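Enquirer: Mind looking at a prediction? Sequence and model below.
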Protein chains: 4
Amino acid sequence: MNFASDNVHGIHPKVLKALSDCNEGAMGSYGADPVTARAEAAYREILGAPDAVVRFAATGTGANALVCAQLSPSFGRIYCHDSAHIHRDECAAPEFYSHGAKLVPLPGADGKFTPETLAEAIRFGKAGSLNDGRNAMVSITNATEWGTVYDPAEVAALARIAHEAGLPLHMDGARFANAVAGLGVDAADLTVRAGVDALCFGGTKNGAMAAEAVVFFDPARAEGFDYRRKQAGQVWSKQRYLAAQMLALATDGLWLDLARHANAMSARLAQGIVQAGGDLVVPVQANEVFARLPSEAHVRARGHGAAYHIWQDQPPVGDEPVTVRLVTSWATHEDDVGRLLELMRG
Amino acid sequence: MNFASDNVHGIHPKVLKALSDCNEGAMGSYGADPVTARAEAAYREILGAPDAVVRFAATGTGANALVCAQLSPSFGRIYCHDSAHIHRDECAAPEFYSHGAKLVPLPGADGKFTPETLAEAIRFGKAGSLNDGRNAMVSITNATEWGTVYDPAEVAALARIAHEAGLPLHMDGARFANAVAGLGVDAADLTVRAGVDALCFGGTKNGAMAAEAVVFFDPARAEGFDYRRKQAGQVWSKQRYLAAQMLALATDGLWLDLARHANAMSARLAQGIVQAGGDLVVPVQANEVFARLPSEAHVRARGHGAAYHIWQDQPPVGDEPVTVRLVTSWATHEDDVGRLLELMRG
Amino acid sequence: MNFASDNVHGIHPKVLKALSDCNEGAMGSYGADPVTARAEAAYREILGAPDAVVRFAATGTGANALVCAQLSPSFGRIYCHDSAHIHRDECAAPEFYSHGAKLVPLPGADGKFTPETLAEAIRFGKAGSLNDGRNAMVSITNATEWGTVYDPAEVAALARIAHEAGLPLHMDGARFANAVAGLGVDAADLTVRAGVDALCFGGTKNGAMAAEAVVFFDPARAEGFDYRRKQAGQVWSKQRYLAAQMLALATDGLWLDLARHANAMSARLAQGIVQAGGDLVVPVQANEVFARLPSEAHVRARGHGAAYHIWQDQPPVGDEPVTVRLVTSWATHEDDVGRLLELMRG
Amino acid sequence: MNFASDNVHGIHPKVLKALSDCNEGAMGSYGADPVTARAEAAYREILGAPDAVVRFAATGTGANALVCAQLSPSFGRIYCHDSAHIHRDECAAPEFYSHGAKLVPLPGADGKFTPETLAEAIRFGKAGSLNDGRNAMVSITNATEWGTVYDPAEVAALARIAHEAGLPLHMDGARFANAVAGLGVDAADLTVRAGVDALCFGGTKNGAMAAEAVVFFDPARAEGFDYRRKQAGQVWSKQRYLAAQMLALATDGLWLDLARHANAMSARLAQGIVQAGGDLVVPVQANEVFARLPSEAHVRARGHGAAYHIWQDQPPVGDEPVTVRLVTSWATHEDDVGRLLELMRG
């Protein structure tokens, strides 16, 4: 019963098998191998973007920080939501990789900011002096840190604002598969057709070991990126194993199947929590549930070993409801969900 | 018949198996898992260093660059051999991670520099003004880029010079196992007892997928390192799979067995090349052979598909001997060596 | 009638004279000259800190960014007020110099944050994971960006919180002289005796051309600083002229006289504005006045060429009061103040 | 009798006067002032480059490092002479500002490298893998660190090689005036017409206090530069005083007169040294003399207080000749030269 994060679980068997399947024989190193070529092609196809540059990295922090450094100069302003992983959870990797870019956090309900909020922030940055730095890029997370999603129209509206100001739009898709599954849309509709310029397409949380795809829809934006990735120590010499993971996820829609399962588990959790007297803090649209649990439900669940994070600044007091985060994944068992809900109901 | 590099080969079956062996169930992320704990302990034991701080990274460039950033300020001078990987082959990752440290290349035969050369360079740096930057650290590669080794006494002599100047000694051990195997010494004798302060203990070239251990023998030198590694995007959320690779290599001396095999293959290659009329450019002490091949031997070998690098600045001319580099690994088959030598002999 | 900033005015005649007074003959470069030695000594004396390391830099941004890089690693959290110059107005120079340190803005009335606010932020940072970065330093501005001041007791209370967490306290004193003058305290009481660890003692705004002193009260904190400053291109080869400016300000209390004049002008402005029907947004404690002016007063003043900044996010609407910032300096003429107030009174 | 460097001397009286001449009244800060506008125009005119972007910085290290960061990505290779100031004497400022660019030192007699040497280095860099980084820019120093000069044809030949490879050419002109004076050519012929893309036009060594001009002949290359300079803490708030120095030098050809004087002093020194039994290490073409002095001449000169640098790695031995560097400047008195030569002649 571990709902602490989607990264506490292991590797999907098909991904694991892909590692051994490509283990025979010598192959070119640093990406000059057929597995990498096939994996890159697979993501161009998934994304309906035959010209896109696709590269792989082992960590989400590495992938995001590389994109920030690629799209923003050291004196750039990077607009993101106040809860964004790049702003809150990457130990200032984007600042480090970009050598100083300023992350400008934007407010907004449910982990999302509106076009109006973005437009105003960009206006402010543009009106500013040298003191303020220069508008450089916009980053959104989809699914968001709060398990909500931007739909294609919402992405397009933000892209329009960004592009009018000459800024590229980055999507941190650590849980991109969950967003696509939650929305039931085409991956291309949520990205390239909506105006996304760079995408980090997460593999790790979705069943890989350590693998993310970095996608630049316009190859011109990827200029020099291979050197940047190399200098950052993010290129494996035995690159085939990085690519094989992503290729396995891309094959026969595995990435989407796994995300659908995780989302379904979250939906069930959410429904059960409400039935157990809890209430949801934000809508459940992907694979995360943020909920206020009745105190006794929380105590019972924790008492029986359920793992999840308390999501409030102050420790729980008395028998007040407790705000928690529960994350499901490809590996979440229906039985565990059932058992957790049972405990909560008492 | 691929002798291009030790990174063109795959993962050793036991390492691969270790990945699936640890795949069950939920575990703490970012290193808070039992596999990581066991793997760290295993390297402390191999190195006879119960207090050492051991951390894992996926790439050698990442590992080396992190150590440089940890041990040198941005204005530091890092002394290394002119052929050092950190100076020649990492796309300036050490400069990037350390934000400007100056790699000062030292000359020396066979990929090694002498204590005298080091002492003089350090004296020069110390006598210098602010213009020159400040002496910060010394880095040696063992086995070297030329497949030669520093023995414990040689390491100790360099460590003494470094320490007298207050500088830590780093060993880039991308092929550390091959050095230990080649010398037939204890890993501790070649490192902590010889005065090494930080070691990058390579796993990838030795049969892992993507794994290196970074070791600080004095925990004080590791202060803040976990944040540094995180900020660099070098921490896997599913860290167990990084650790499991290194643990597999550490178990039952696998790391040493694999290195011994690779070294034996190189020794055999070297012997055969000499018999075929070639000569060795440097002594063969680990898993690399640098040799001048008779032109026809080279042409025959390449003609039959043998893969290896030409190792001279200018393209081969006429029927002059050709200088080449041949690298063996855990996966090199005796038969391939035999066949290559046969081709060379004509 | 220019109240736009204290940096729109020129150099005080005595500072200018100091430049020509030290112009004779050859002197050691890069600070190896007697003027620099005397100037450093003068600031140690003013600050009652005989062991302090004093260095000069030409710009406030350079001085602040150097201190941030000196006291924070790349993965550090730097706590400052939300309005702090290092956070809002230096084009991310602290992030650039420190290679990624995260500025964590704190709320607080009148440009100041309270010990409670600081303590809570530090607790949060300490409780965090690697994701959050590591607590590194605290920075306050005195006088603040809002022209208010922290008195010695307030500084000491913040220093106590910082030191309990092992963090050094930096004071951005671009308008330090104005704070000292406004409080009528001893410079040492406001800094070293109150627990300040590093001070940027501003010269430029106070009548110099381009000169700030960077002071580390504990020499251990200045370790390597001379290299850092050199690498940043902040050392003049003809350093005497940088030092001479600061020496002139230090001589016979000129720095304090000039600040007193600037403060007196602001006090008079403030009083007059209130009499003219305006009101003050924050208390006037140094050389800045933030006030809401009656619309007609603003229109008349601007109409007659008075220069000052409108200090509200939106442009003024109709005849609503207008929030403005007025800054006085050593060069502000009493007559200009009088004339401005006359215009405002109509 | 100080020949240690051209930066041991003071400010030329006309430059000093320019500081007080622009001291009256309030002016826009950060460069929004008429002095800056006039100074920028003056250098565009001197350089025959009406479209060039001209900006000022206080230090040569700052100016050079800013240009490197502007023209090279962090993963770039910057080709320069092995003796180049950016490589040897700036405490790795270019690496710091550019976040890791690799300075690739080229050999060459008399402080200069040839087009052939450059072409080969560029070919090597281009043929390289990601490991080597990417060719980014070429930097030459004129006058060189050895007091020699590249003439317009030599510059053009190097520019051609650089441009053919798509690389911009930077000229570090810390002693640019001395080069122009020594060659007797037009400043435009030595720069923009010869293919130079970015020039650091030194003021400090030539009689200013602390001032250099950074010139980008193609405005497109200056894109974002103002932010970069701001973020580096290299913009003065009272910018007029930075500009006024450069404007004074530009007025009525003062920059050239001062350089001619310095060069004439060096020529006389060189002639006298040869007459005194010394010999020149390199041709004297600007304001530096590198010479081997008879031991007794050196002992006598030093014994009477002459200041200059010994320019050999090892301390002088017995009565062997001593290699020295003598630098003249705008402030070098004929009498001092005469007296030094007298001492040398004995």
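Expert: Here it is on my side, so go on.
Enquirer: Could you use CA atoms for every contact and neighbour count after this?
Expert: Fine.
Enquirer: At the contact with chain C, which residues of the stretch 51-200 of chain A appear?
Expert: A:74-75, A:88-97, A:99-102, A:130-133 (Cα under 8 Å from any Cα of the partner chain).
Enquirer: Do me a favour and average the pLDDT over stretch A:75-88.
Expert: Averaged across stretch A:75-88, pLDDT comes to 98.
Enquirer: Show me what the strand ranked longest in chain A is packed up against.
Expert: Determined from DSSP state E, the single longest strand within chain A is strand A:134-141. Identification of packing neighbours for strand A:134-141 by 3 or more Cα pairs under 8 Å, 6 or more residues apart in numbering or on different chains; DSSP states H and E yields strand A:76-81, helix A:115-127, strand A:169-173.
Enquirer: what's the domain layout of chain A?
Expert: Using automatic domain parsing, the domain parsing of chain A gives A:13-253, A:255-345.
Enquirer: closest one to residue C:214 among the ones you listed?
Expert: Nearest to residue C:214, of all those, is domain A:13-253, at 21.1 Å by Cα to Cα.
Enquirer: any residues touching stretch A:10-28, and which ones?
Expert: A:33-35, A:207-209, A:240-241, A:244-246, A:248-249, A:330-331, B:2, B:8-11, B:16, B:19-20, B:23-26, B:238 (Cα atoms under 8 Å, 6 or more residues apart in numbering or on different chains).
Enquirer: Would you mind extracting the C-alpha trace of that stretch into CSV?
Expert: The C-alpha coordinates for stretch A:10-28 follow below in CSV (Å, rounded to 0.1, in the frame of the first residue of the first chain):
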residue,chain,number,x,y,z
GLY,A,10,9.9,-0.6,-10.0
ILE,A,11,10.3,-1.1,-13.7
HIS,A,12,7.5,-2.5,-15.9
PRO,A,13,8.4,-6.1,-17.0
LYS,A,14,8.3,-5.1,-20.7
VAL,A,15,10.8,-2.3,-20.1
LEU,A,16,13.0,-4.7,-18.1
LYS,A,17,12.8,-7.2,-20.9
ALA,A,18,13.8,-4.6,-23.4
LEU,A,19,17.1,-4.1,-21.6
SER,A,20,18.0,-7.7,-22.0
ASP,A,21,16.7,-7.9,-25.5
CYS,A,22,19.2,-5.3,-26.7
ASN,A,23,22.1,-6.7,-24.8
GLU,A,24,23.6,-8.8,-27.5
GLY,A,25,26.7,-7.8,-29.4
ALA,A,26,28.6,-4.6,-29.8
MET,A,27,27.0,-1.3,-30.8
GLY,A,28,28.1,2.2,-31.4
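Enquirer: ok, back up a step: listing partners with orientation, what would you give for the longest strand of chain A?
Expert: Partners of strand A:134-141 in the sheet, by DSSP bridges, are strand A:76-81 (parallel), strand A:169-173 (parallel).
Enquirer: Would you reformat these as TSV and include mean neighbour count?
Expert: Shown next, in TSV, are these (neighbours: other Cα atoms under 10 Å in any protein chain shown):
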stretch	mean neighbour count
strand A:76-81	26
strand A:169-173	27
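Enquirer: Up against chain D, what does chain A have?
Expert: So far as Cα under 8 Å from any Cα goes, chain A lies against chain D at A:74-75, A:99, A:130-131, A:133-134, A:226-228, A:230-231.
Enquirer: Could you single out the most deeply buried of the domains of chain A?
Expert: Neighbour counts (mean count of other Cα atoms under 10 Å in any protein chain shown) averaged over each of the domains of chain A peak at domain A:13-253, with a mean of 23.
Enquirer: Just give the closest residue to residue A:340, not the sequence neighbours.
Expert: Among residues not flanking residue A:340 along the chain, residue A:301 sits closest, at 6.5 Å (Cα to Cα, 6 or more residues apart in numbering or on different chains).
Enquirer: that's a helix at that neighbour, yeah?
Expert: Yes - under DSSP: H, G, I helix; E, B strand; the rest coil, residue A:301 falls within a helix.
Enquirer: correct me, but residue A:195 touches residue A:159?
Expert: Yes - Residue A:195 lies in contact with residue A:159 (Cα atoms under 8 Å); the separation is 5.3 Å.
Enquirer: anything in contact with each of those two?
Expert: Common neighbours of residue A:195 and residue A:159 (criterion: Cα under 8 Å, 6+ apart): residue A:169.
Enquirer: Which residues lie in contact with the residue lying closest to residue A:251 once chain neighbours are set aside in this structure?
Expert: Nearest-residue entry for residue A:251: residue A:42, 7.9 Å, with adjacent residues in sequence omitted and distances by Cα to Cα, 6+ apart. Residue A:42 sits next to A:247, A:250-251 when contact means Cα under 8 Å, 6+ apart.
Enquirer: now do residue A:233
Expert: Going by Cα under 8 Å, 6+ apart, residue A:233 touches B:59-62, B:65, B:90, B:93.
Enquirer: What helices and strands are in contact with the longest helix along chain A?
Expert: As assigned by DSSP state H, the longest helix anywhere in chain A is helix A:254-275. Packing partners of helix A:254-275 (3+ Cα pairs under 8 Å, 6+ apart): helix A:176-183, strand A:279-280, strand A:288-293, helix A:334-345.
Enquirer: mind running it again at 10 Å?
Expert: helix A:176-183, helix A:240-250, strand A:279-280, strand A:288-293, strand A:322-327, helix A:334-345 (3 or more Cα pairs under 10 Å, 6 or more residues apart in numbering or on different chains; DSSP states H and E).
Enquirer: Kindly provide the whole-number mean pLDDT of the longest strand of chain A.
Expert: On average, strand A:134-141 scores 98.
Enquirer: swap in stretch A:37-50?
Expert: So the average pLDDT for stretch A:37-50 ends up being 98.
Enquirer: Repeat that for stretch A:148-161.
Expert: pLDDT averaged over stretch A:148-161 gives 98.
Enquirer: same thing with stretch A:13-22?
Expert: Per-residue scores along stretch A:13-22 average to 98.
Enquirer: In contact with residue A:255: list those residues for me.
Expert: A:176-178, A:181, A:202-203, A:206-208, A:246-249, A:330 (Cα atoms under 10 Å, 6 or more residues apart in numbering or on different chains).
Enquirer: Tell me which two in these are the farthest apart.
Expert: Within these (distances taken as Cα to Cα), the two that end up farthest apart are A:181 and A:247, at 18.5 Å.
Enquirer: mind listing what the residue nearest to the spatial centre of chain A touches?
Expert: Centroid-nearest residue in chain A: residue A:174, 1.9 Å away (criterion: Cα atoms, centre = their mean). Listed by Cα under 10 Å, 6+ apart, the contact set of residue A:174 reads A:59-61, A:63-64, A:85, A:141-145, A:199-206, A:212-213.
Enquirer: give me that answer again for 6 Å
Expert: Residue A:174 sits next to residue A:202 when contact means Cα atoms under 6 Å, 6 or more residues apart in numbering or on different chains.
Enquirer: And it, how far from chain B?
Expert: Per Cα to the nearest Cα, to the nearest Å, residue A:174 is found 12 Å from chain B.
Enquirer: Check the gap between that residue and chain D for me.
Expert: From residue A:174 to chain D the distance is 27 Å (Cα to the nearest Cα).
Enquirer: swap in residue A:108?
Expert: For residue A:108 relative to chain D (Cα to the nearest Cα), the value is 29 Å.
Enquirer: Ok, residue A:345 next?
Expert: 56 Å.
Enquirer: gap between that residue and residue A:3?
Expert: 17 Å (Cα to Cα, to the nearest Å).
Enquirer: go on, residue A:340?
Expert: 10 Å.
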